[in-house]
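[1] this one's structure only:
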């Protein structure tokens with residue numbers, strides 16, 4: 001908010017001298033921030049910069065070691081999320097806090113029931129529920145059990161609950177991670193409408209394009225410190241924001257190195273599926289290559305990826321691995337044939353109640369087993385080595401469920417690398433990573449290519465494809481419409497199809 005506006009309004013939420021440490025390690029250092037009614041403020045930082053810790057303090061989940069919090073001018077101690085909500089501060093975090101055995105309506109009104117005497121006034125509940133659904137441009141049966149919802153739907157339930165309870169401050173921590181592009185656009189429309197009604201929205205993300213879309217004010221955190229508080233993001237170039245966030249310019253975000261192209265690892269000829277969403281596709285992947293595959297949402301690229309790893313049946317055509325025709329019935333058979341699949345949009349393949357040691361090595365325990373004995377020391381060393389390559393700032397002994405979305409993704413990708421397979425099919429692998437982590441990912445991809453692996457990179461990030469791929473296949477309406485070599489690929493040619 002500009003200085004002129006800040007003179008007209010008192011901050012709705014104020015942080016004064018907030019500090020927090022864990023096990024002697026400082027995570028937040030003397031944070032001072034004011035937030036105003038009707039403002040959308042984005043908080044940006046690398047994985048582990050301290051932004052999620054800050055949000056959890058504001059939400060009452062964690063308490064600061066030092067400093068004060070003021071809400072509408074009054075000093076408060078937010079000892080719990082319940083107390084925060086009573087003061088008008090609501091949050092939607094990466095992991096929804098819903099009761100799985102209750103339905104949508106019960107979760108939305110939980111703790112804020114509308115009663116008639118001793119009984120719940122069901123008519124008032126339904127009327128209020130319909131109004132919120134209309135406001136959110138969302139339609140779901142209120143009787144649907146929450147356990148049946150997708151992660152993105154659960155996020156919407158959390159948001160509906162905050163709206164019903166009359167949130168004055170809304171904290172949103174990486175909530176777009178499970179959303180597709182259309183769902184993200186709808187969420188941003190809701191956020192902007194809430195701001196127009198005077199709600200202060202604090203939006204945490206590491207995605208530059210989202211931040212520029214949703215807010216004008218940007219707070220950057222690095223190593224627990226505020227490195228910048230920018231009033232108008234349109235006046236600051238992306239490279240400057242990256243430098244403030246990381247301490248480096250990272251101008252070369254795509255450190256592509258060319259590996260020697262070897263024999264064909266994977267080849268599909270005239271491949272189609274029964275539904276007709278993939279039709280007569282030809283594709284090759286050589287040793288040492290990073291090959292891109294892109295297209296619009298309904299282009300068929302995701303379905304083709306599933307066909308290559310046995311998740312979707314090939315109805316006609318042939319799939320060859322190392323020049324041998326194969327029919328894959330499931331991902332396990334794909335892995336036996338040297339193919340492994342990773343999606344940056346999905347960390348459901350992790351064992352959330354287990355630690356990173358377990359999750360990284362479970363994919364290939366035979367590598368660490370000698371004469372029938374599994375070495376705990378080798379499990380720890382292998383896990384730490386792979387996590388270090390991705391610069392995952394995690395304690396490997398922690399349960400994975402407590403990690404941030406970005407760090408969960410690093411654990412999931414470490415697990416894929418540990419399989420030691422030659423053919424990697426990567427779908428949006430950098431989706432939830434900050435820029436330095438993306439660069440580390442790209443360096444690992446280069447290393448794999450030089451070790452004679454083949455990588456099929458399926459991505460909706462055109463810059464990533466142009467920067468990292470030796471060739472790019474472009475799909476539209478289930479068919480490959482064009483193939484571009486590294487030297488001829490540009491945005492206009494890709495968007496043309």
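    That came in fine, so what should we check first? Source: prediction; values computed, not measured.
[2] Which strands or helices does whichever strand or helix holds residue 82 pack on?
    According to DSSP states H and E, residue 82 maps onto helix 81-86. Contact analysis of helix 81-86 by 3 or more CB pairs under 8 Å, 6 or more residues apart in numbering; DSSP states H and E lists strand 89-92 as its packing neighbours. (Glycine included, C-beta is placed from N, CA and C.)
[3] Can you tell me the strand partners of the strand it packs on and which way each runs?
    Strands that pair with strand 89-92, judged by DSSP bridges, come out as strand 169-173 (parallel).
[4] What's the first helix or strand after the partner strand?
    Of the helices and strands lying after strand 169-173 in sequence (DSSP H and E), the nearest is helix 181-196.
[5] A strand includes residue 17, no?
    Yes - for residue 17, which was evaluated using DSSP: H, G, I helix; E, B strand; the rest coil, the result is membership in a strand.
[6] can you pull the contacts of the closest residue to residue 416 other than its chain neighbours?
    When the adjacent residues along the chain are set aside, residue 416 lies closest to residue 342, with 4.5 Å between them (CB to CB, 6 or more residues apart in numbering). Neighbour list for residue 342: 412, 413, 416, 424, 425, 426, 427, 429 [criterion: CB atoms under 8 Å, 6 or more residues apart in numbering].
[7] Could you list the low-pLDDT ranges of the stretch 301-450 of the chain?
    Low-confidence regions of the stretch 301-450 of the chain, defined here as pLDDT under 70, cover residues 345-348.
[8] Mind jotting down where the strands sit in it?
    In the stretch 301-450 of the chain, the segments counted as strands under DSSP state E, counting those that start in this stretch are 316-321, 324-326, 339-343, 369-370, 373-374, 423-427.
[9] Return the distance of the residue nearest to residue 416 relative to residue 260.
    With the distance defined as CB to CB, to the nearest Å, residue 342 ends up 24 Å from residue 260.
[10] go on, residue 325?
    Residue 325 is 26 Å from residue 260, where distance means CB to CB.
[11] now swap in residue 315 and tell me
    Per CB to CB, residue 315 is found 36 Å from residue 260.
[12] Wait, a strand at residue 481?
    Yes - checked against three-state DSSP, residue 481 lies within a strand.
[13] tell me the pLDDT at it?
    Looking at residue 481, its pLDDT is 90.
[14] coming back round to it: wait, which of the contacts of residue 342 is closest to residue 205?
    Residue 205 has its nearest neighbour among the contacts of residue 342 in residue 429, at 18.3 Å by CB to CB.
[15] so who does that closest one touch?
    Neighbour list for residue 429: 342, 343, 344, 413, 441, 457, 459 [criterion: CB under 8 Å, 6+ apart].
[16] Against residue 459, how distant is it?
    Relative to residue 459, residue 429 is positioned 8 Å away (CB to CB).
[17] quick one: the helices in the stretch 351-497 of the chain?
    For the stretch 351-497 of the chain, applying DSSP state H, counting those that start in this stretch gives helices covering 356-361, 376-389, 405-418, 435-450, 462-468, 491-496.
[18] Can you lay out those helices as TSV showing mean neighbour count and distance to residue 476?
    Compiled in TSV, the helices of the stretch 351-497 of the chain are given as follows (neighbours: other CB atoms under 10 Å; distance: least, CB to CB, whole Å):
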stretch	mean neighbour count	distance to residue 476
helix 356-361	24	37
helix 376-389	16	36
helix 405-418	24	29
helix 435-450	19	26
helix 462-468	20	14
helix 491-496	12	10
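[19] Rebuild those as CSV, extending it with distance to residue 80.
    As requested, these are arranged in CSV below (distance: least, CB to CB, whole Å):
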stretch, distance to residue 80
helix 356-361, 29
helix 376-389, 33
helix 405-418, 24
helix 435-450, 33
helix 462-468, 42
helix 491-496, 49
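[20] Could you tell me how far the residue located most distally from the centre of the chain is located from residue 17?
    Relative to the centre of the chain, and counting by CA atoms, centre = their mean, the farthest-placed residue is residue 117 at 44.7 Å. According to CB to CB, residue 117 and residue 17 sit 47 Å apart.
[21] Over to residue 395?
    Counting by CB to CB - residue 395 and residue 17 are separated by 28 Å.
[22] now swap in residue 429 and tell me
    When CB to CB is applied, the distance between residue 429 and residue 17 equals 40 Å.
[23] One more: residue 216?
    In this structure, residue 216 and residue 17 are separated by 26 Å, where distance is defined by CB to CB.
[24] more neighbours, these two?
    Under the neighbour definition other CB atoms under 10 Å, residue 216 and residue 17 were set side by side, and residue 216 has more, 18 against 12.
[25] Surely that one touches residue 236?
    No - using CB atoms under 8 Å, residue 216 is not in contact with residue 236, being 10.7 Å away.
[26] List of residues touching stretch 14-34?
    Contacts with stretch 14-34, where a contact means CB under 8 Å, 6+ apart, come from 6, 11, 13, 35, 50, 53-54, 57-58, 62, 64-71, 219, 223-226, 229.
[27] Going through those, which ones are buried?
    When neighbours are counted using 16 or more other CB atoms under 10 Å, the contacts of stretch 14-34 contain these buried positions: 11, 13, 35, 50, 53-54, 57-58, 62, 64, 67, 69-71, 219, 224, 226.
[28] List the ones among the residues you listed that fall in helices.
    In helices, defined here by DSSP state H, the members of the buried ones among the contacts of stretch 14-34 are 53, 54, 57, 58.
[29] just those: which has the poorest pLDDT?
    The member of these with the lowest model confidence is residue 53, at 90 (criterion: pLDDT).
[30] Chain neighbours aside, what residue packs nearest to it?
    Counting by CB to CB, 6+ apart, residue 27 is the residue found nearest to residue 53 once chain neighbours are left out, at 4.8 Å.
[31] Next, the buried residues of the host helix or strand of that neighbour.
    Residue 27 is located in strand 25-35, with elements delineated by DSSP H and E. Of the residues in strand 25-35, those buried by neighbour count under the rule 16+ other CB under 10 Å are 27, 28, 29, 31, 33, 34, 35.
[32] Let me know the angle separating it from helix 51-58.
    Angular relation of strand 25-35 and helix 51-58 on a 0 to 180 degree scale: 60 degrees, by axes from the mean of the first three to the mean of the last three CA atoms, to 10 degrees.
[33] Beyond strand 25-35, next helix or strand please.
    Using DSSP H and E, the helix or strand that follows strand 25-35 towards the C-terminus is strand 40-45.
[34] Remind me what that following strand packs against, helices and strands.
    When contacts are defined as 3+ CB pairs under 8 Å, 6+ apart, strand 40-45 sits against helix 51-58, helix 181-196, strand 200-205, helix 208-214, strand 217-222, helix 238-246.
[35] who wins for proximity to residue 291 among the ones you listed?
    Ranking these by proximity to residue 291 (CB to CB) places helix 181-196 first, at 23.3 Å.
[36] which other helices and strands contact the closest one?
    The contact analysis (3+ CB pairs under 8 Å, 6+ apart) places helix 181-196 against strand 40-45, helix 151-164, strand 169-173, strand 200-205, helix 208-214.
[37] tell me the domain ranges of the chain?
    3-246, 264-496 (automatic domain parsing).
[38] Just put those in a markdown table and tack on distance to residue 256.
    Formatted as a markdown table, the entries for those read as follows, by distance: least, CB to CB, whole Å:
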| stretch | distance to residue 256 |
| --- | --- |
| domain 3-246 | 18 |
| domain 264-496 | 5 |
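[39] right, so of those, which gets closest to residue 255?
    domain 264-496 (5.7 Å).
[40] chain center to that closest one, what's the gap?
    Mean-position distance between domain 264-496 and its chain equals 16 Å (CA atoms, centre = their mean, to the nearest Å).
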